[in-house]
Structure formats: structure tokens, C-alpha cells
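[1] Sequence first, then the predicted structure, then my questions.
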Amino acid sequence: MKGMVIWLFSIVIFTSCGIKKSLNDLPDISNYTSTIPEKVNVNDSTSYTGNSFLTKNKQGLWELYVEGDPLERGLLIGSLTKELMYKQEAVFFDKISELVPSEGKQKFLRKFLSWYNRKMYKHITNEYKSEIYGVSQYASTDFNSIAPPYLRSLYLHGAHDIGHALQDLALVGCTSFAAWGNKTEDGKLLIGRNFDFYAGDAFAENKIIAFVNPTTGYKFVSVTWGGMIGVVSGMNDQGLTVTINAGKSKIPLVAKTPISILTREILQYASNIEEAIAIAKKREVFVSESILVGSAKDKKAMLIEVSPKNFGVYEVENTNQLICSNHFQSDAYEDDRRNKKTIEESHTQYRFERMQELLTEADKISPTEAFAILRDKNGKGNKTIGYGNEKALNQLLAHHGIVFQPEDLKVWISSNPYQLGEFVAYDLNDVFSNRMGNPSKISVSKEKDNIDKDPFLLSEDYHNYEKYRVLERKVEQAIEDQIKLDAEDLERLVILNPEYWKAHKLAGDYYYQNRNYPKALKAFSVASTKEITTLPDAQYISKYIKKSQRKLK
């Protein structure tokens, strides 16, 4: 939650000094198209302007197609997704008063982040600033008291990086894998990933599948949200894919190239691994990130590991599979103190080893096996570790899951909830052909190739987990505000998710705070027998077992 606080403020808090500096460097748009056709609304879920369109499919995913030069693309995105942009901004800003009640903390963050963001605009190319500028022309004026539309749009793209740097949002555990050659059913490259970035349920309600046809570079697809032109998961028409996994970061002195903008550039301008590495080397970043790059031309995948003061490339030897969680694997980071600490204290190594197990169990990986792996909720050795445990590949909080078949230009993208909903299939060969004419009549998904929703959605365990999530927040709030709860709430908390260590830990926290030390000791002791997420969490449980025991003497 603290990381979320910083993440939100990294978008919205700028002093007049920081604003003036950035507004002096507006993009040069003199050579770009400055007007677009009027938007036509076909119905409440489909609109188009020229050949570009936005439509909502039956799985609830928004499908966006835009084409043109940088400013034109931005204007089209802004025009078509205006309402979605507003909803996304409202999600952020509605949380501020709830998450940051302290005026002192707000004042400190205003000063710090204004200084911190002062040079970011120098590390974003004119092309992407122009596109962001175009998008911002359709941003709501409701939030102008926070910052002008262009700055809000610009700094949104560095928000994840800033939150990551200040609060180590590597706590969010994305996991990805690639397999090829003798590890896949057809010998072709196959890539799967979970984007386990959680910023509240509302943040993931309006996912956009963006199909972009730029005047320069390659056509590509990206999973995104309103106002975001950067890339977290995507594939271009050359069969090159990019996905990102956060690593442990040192707090840098100044914001530079946002990771999502770097990966956007790779996706738009690289056709193979060598070109991707060359682009990554050109840019200065300000957080640590693993970029998994898959290449149809190279028929394999590799990792580009970037950080403010280091750069590494990792390729597997004598095996045709690659796994990525949240620690670095290249020689460049072999002696990195933060990376070693991450492996020791967090859940990244556990998830890495669980992925190894699942890939080993499946002799030949097919798309069907890939979906099952991304949806796996168990721990190592198929141990039941509680729903929502960050040691699971499927932590039941993912923004999206995605599977690529680069050599065939096919991609499957999950629909809500999490990665449990139907995976919608797309074929870039079809999407980017015959784009002329009324786009509202053109379907871009390949319905016959869709993957059914996870049967888990129909289970009692799933419904109990959703009830647990609601109750978990209620108990956390009660502990924070020192509010009395009914005994029934604490009992239901552990009944709804009995194998999850955190359920017992929260019960223990509540009982301890209310001086019911016998029940606190029992709850903490049960928690200690479960699969605890991190070393600091395990140490916390051990500490409170001892404290409860001392209180009972």
C-alpha cells in the first residue's frame, strides 16, 4: 500500500518550478499531422475516426487500432479513448485523499518529486513526446489543478519507475517463460507471462489491446490502459516480443528513460535480438528491470537486464527454455548486493523454481500447457499455499496474462478476472491486413482460437477467495484504525482461506493489538506453519510468537 501511495503521487505532484521547466520543452510537432477525422460513435462500445477504431469485445477487452505519424496517433488515441482516459485518471486521483492523509508527507513528496522529475523529458524522444502530446489534447480538464494535461500524460509513463525506485515495487512478482526447439510441441518459440501489477481492482477494469500501425518502424500489439503509450507486454509484426519484470533498484538521483518507453522503442524498431540490445544500450534508465525479448527471426528468447549503472544480457546454454521472475541472471549482476538480497529475502527464487517444475513436468509445451502454467495457484511440489500467495505463479491479482507464438504472429490475452477469464486470440497477419474502409465492421479477434475461462471460476474456492479479499481489507483497516471487530469476522477470515499465512497473521495482529494474547499466539503459531511469502515476513511472525509468549508469562 505504501508503494501505491508513492506511485500515485509520482503522477500528480509537481511544483510550479518543475512544471515550467518541462513546459519549456514541448515536442516539435511542426512536421506532423495536426488534424484527424471527426469521431463517429456507432454505439456505446464502438467508435471510429478514419481507419482507426475502438470497440469492446464480448470478453470485456477494449480493442484499439490506430495508424499514422506520432502526433496523429496520439490524437487518434486521445479522441477514441477519451472516456477511458478519464476513468483511469479518476482511479488514481480518487485514491489520494484515502492513501495520503498526512499534509506533511504530501508537502515533502511535492518538493522531492518536482526535483526528481526535472530532467525526464530530456530522455524521451520527440516522437514519443509528440504522441503523448496528442493524447493529452483529449485529457480531462477536471484535474488541471494538479498539473496541465501534457505533464500529467508525460509523467504517467514514469510513474511505475518512480514508485519502483522509491518503494521497491519489485514486491509485485511478475513471472514469465519462453520455450522453443525440443521444448515445444511444434518446435516453435512460445512465450508466456503474467503481469502481476496491482493498483486496485478498478485499474484493471478497462484493459486496452492496442494495435498500432506507425508511419515509421514496425506494426505492433500492446496490452495497455487509457493514456498509456508505453509497453509492458507486446509483439510486433516481425515476431519480436517484449515483456518486463521489475528488479531490485537503488534510488537514483534523477528520473531518466521510463522502462515502458524503452520497451516501446524496442517493439517499434527492433526485428531481432541484436537490434533490441542495441536500442536498450542507447537509453539511460533509472530503475532495474529484466526485459524478456523473444524473436521469431532468432527462434529463441533472451533477457536484457538494465539498471541505472549496469547492463547485462542473459542467454541460456544447452537448454531451450528461459525463465524470468524478479532477479537478474547475467554475469554482469553476479556480485550485485541488491540482487543477492532479493533472491535471499523475496519470493522471486521460489517462483523461478516453481516455473522450472512446471516446465519439466510438461515434456513438450503447447499453448494449452502455457495457459495452465500461467494459471497455476500452487506452490513447489504442488503444495497448497493459500490463494493470493505471492509465491504462486498465479497470485490472483494479475493485470493480465499473455501467451505469444511469435513465428506465427499469434497472441492470446486474458480477460477478467485476473488471468482466469477467457484468453482472446489475435493473429497479427489478419489484424494489420485490409484496414481500409469502415473499421466498425471489421473484427480483429480470432474467436475460434480462444481459450476457455479457468474452471476455477466456477468453484466454491474461488467465491470464498473473493469474499476473503473483501474481509482482508476490512480487517486491515480495523487494525490500522484500531476499530473493534466481531469475533465472527476473524473466524471467517481464516476459514475462507485456511492455507494462506497472511489470514492467520492478520488475525494474530488483531488479537495482539487487543491484548488477547492466547489467541494471538495461536494465530501466529499457525501462520508459522504455512508457506510464508518473504524472509522479513517469516521474521515478523517469529518475533510476534515470542512477544505473545512473553505477554502470557
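    Here it is on my side, so go on.

[2] Please count neighbours and contacts with C-alpha atoms only from this point.
    Noted.

[3] Look at the residue nearest the centre of the chain and report its pLDDT.
    By C-alpha atoms, centre = their mean, the chain has its centre lying nearest to residue 197, at 3.7 Å. At residue 197, the pLDDT value in this model is 77.

[4] So what's the residue count around the residue lying closest to residue 398 once chain neighbours are set aside?
    Once flanking residues are discounted, residue 398 sits nearest to residue 196: 4.1 Å by C-alpha to C-alpha, 6 or more residues apart in numbering. The tally of other residues near residue 196 (other C-alpha atoms under 10 Å) stands at 24.

[5] Go ahead and confirm the residue nearest to the centre of the chain touches residue 394.
    No. Between residue 197 and residue 394 there is no contact under C-alpha atoms under 8 Å: 11.9 Å.

[6] Need the CA coordinates for stretch 187-195. PDB is fine.
    As requested, the backbone C-alpha atoms of stretch 187-195 are provided in PDB (Å, rounded to 0.1, in the frame of the first residue of the first chain):
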ATOM      1  CA  GLY A 187       9.400 -26.700 -32.200                       C
ATOM      2  CA  LYS A 188       8.400 -23.000 -32.500                       C
ATOM      3  CA  LEU A 189       9.100 -20.300 -30.000                       C
ATOM      4  CA  LEU A 190       6.400 -20.000 -27.300                       C
ATOM      5  CA  ILE A 191       6.300 -17.300 -24.600                       C
ATOM      6  CA  GLY A 192       4.000 -16.800 -21.600                       C
ATOM      7  CA  ARG A 193       3.900 -14.100 -18.900                       C
ATOM      8  CA  ASN A 194       1.800 -12.900 -16.000                       C
ATOM      9  CA  PHE A 195       1.800  -9.100 -15.400                       C
END
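
[7] what's in contact with that stretch?
    Residues outside stretch 187-195 that contact it (C-alpha atoms under 8 Å, 6 or more residues apart in numbering): 174-181, 184, 243, 294-296, 299-301, 365-367, 370-371, 374, 393-394, 398-407, 419.

[8] rerun at 6 Å
    For stretch 187-195, the external contacting residues (C-alpha atoms under 6 Å, 6 or more residues apart in numbering) are 174-181, 299, 398-405.

[9] likewise stretch 532-548?
    345, 346, 347, 391, 501, 517, 521, 524.

[10] in it, what counts as buried?
    Residues of stretch 532-548 classed as buried under the neighbour-count rule (16 or more other C-alpha atoms under 10 Å) are 532, 533, 534, 537, 538, 541, 544, 545, 548.

[11] Backbone dihedrals for the fourth one, both of them.
    To tie it back to what came earlier, the one meant is residue 537. Backbone geometry at residue 537, expressed as degrees, to the nearest 10, gives phi -70, psi -40.

[12] how far away is it from residue 415?
    From residue 537 over to residue 415 the distance is 32 Å, taken as C-alpha to C-alpha, to the nearest Å.

[13] Also the fifth one?
    When distances are taken as C-alpha to C-alpha, residue 538 and residue 415 turn out to be 34 Å apart.

[14] Leaving aside the residues adjacent along the chain, what's closest to residue 308?
    What sits nearest to residue 308 in space, not counting adjacent residues and going by C-alpha to C-alpha, 6+ apart, is residue 286, at 4.9 Å.

[15] For that neighbour, give me its contacts.
    Neighbouring residues of residue 286 by C-alpha under 6 Å, 6+ apart: 255, 256, 308.

[16] hang on, the earlier thing: the residue nearest to residue 398 and residue 395 touch, don't they?
    No. Because the distance of 7.5 Å does not satisfy C-alpha atoms under 6 Å, residue 196 is recorded as not touching residue 395.

[17] what sits against residue 397?
    Under the criterion of C-alpha under 6 Å, 6+ apart, the neighbours of residue 397 are residue 418.

[18] Phi and psi next, for it.
    Backbone torsions of residue 397, given as degrees, to the nearest 10, read phi -150, psi 10.

[19] Please apply the same query to residue 180.
    With angles defined as degrees, to the nearest 10, residue 180 sits at phi -160, psi 180.

[20] my guess is it meets residue 320, correct?
    Yes. Under the criterion of C-alpha under 6 Å, residue 180 is in contact with residue 320, at a separation of 5.4 Å.

[21] Between those two, point out the one with more neighbours.
    Between residue 180 and residue 320, counted using other C-alpha under 10 Å, the more crowded position is residue 180 (22 against 17).

[22] ok, so what distance separates the more buried one from residue 429?
    Counting by C-alpha to C-alpha, the gap from residue 180 to residue 429 is 21 Å.

[23] Residue 365 too?
    Using C-alpha to C-alpha, we find residue 365 at a distance of 23 Å from residue 429.

[24] Mind checking which of the two has more residues around it?
    Ranked by neighbour count (other C-alpha under 10 Å), residue 365 and residue 429 place residue 365 first, with 26 against 11.

[25] Make sure the more buried one is actually in contact with residue 182.
    No. Here residue 365 lies out of contact with residue 182, judged by C-alpha under 6 Å, at a distance of 9.1 Å.

[26] Please list all residues in contact with residue 72.
    Counting by C-alpha under 6 Å, 6+ apart, residue 72 has contacts residue 33.

[27] And the pLDDT at it?
    The confidence metric pLDDT takes the value 98 at residue 72.

[28] before we move on, what SS does residue 303 have?
    Secondary structure of residue 303, reduced to three states by DSSP: H, G, I helix; E, B strand; the rest coil: strand.

[29] helix, strand or coil for the nearest residue to it once chain neighbours are set aside?
    Among residues not flanking residue 303 along the chain, residue 292 sits closest, at 4.6 Å (C-alpha to C-alpha, 6+ apart). Counting by three-state DSSP, the backbone at residue 292 sits in strand.

[30] Next, count neighbours for residue 292.
    26.

[31] repeat for residue 392
    Per other C-alpha under 10 Å, the neighbour tally for residue 392 reads 28.

[32] wait, is it part of a helix?
    No. Residue 392 sits outside any helix when classified using three-state DSSP, being coil.

[33] which residues touch it?
    By C-alpha under 6 Å, 6+ apart, residue 392 lies in contact with 377, 378, 379.

[34] now the residues you listed in JSON lines, with pLDDT, secondary structure and distance to residue 131?
    Formatted as JSON lines, the entries for these read as follows, by pLDDT from 0 to 100; DSSP: H, G, I helix; E, B strand; the rest coil; distance: C-alpha to C-alpha, whole Å:
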{"residue": "377", "pLDDT": "97", "secondary structure": "coil", "distance to residue 131": "39"}
{"residue": "378", "pLDDT": "98", "secondary structure": "coil", "distance to residue 131": "42"}
{"residue": "379", "pLDDT": "98", "secondary structure": "coil", "distance to residue 131": "43"}
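
[35] Buried subset of these, written for PyMOL?
    What follows is the PyMOL syntax selecting those of the contacts of residue 392 that are buried according to 16+ other C-alpha under 10 Å:
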select buried, resi 377+378+379
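
[36] quick one, helices of the stretch 451-553 of the chain?
    Taking DSSP state H, counting those that start in this stretch as the criterion, the stretch 451-553 of the chain carries its helices at 460-481, 487-496, 501-513, 517-528, 535-552.

[37] tell me how far the last one is from the chain's mean position?
    Going back to what we said before, that points to helix 535-552. Distance of helix 535-552 from the chain centroid (C-alpha atoms, centre = their mean, to the nearest Å) equals 33 Å.

[38] how far off helix 501-513 does it point, in degrees?
    Relative orientation of helix 535-552 and helix 501-513, computed by axes from the mean of the first three to the mean of the last three C-alpha atoms, to 10 degrees: 30 degrees.

[39] residue ranges with poor pLDDT in this protein?
    Low-confidence segments of the chain, defined by pLDDT under 70, span residues 1-24, 93-118, 145-146, 160, 162-173, 249-254, 436-443.
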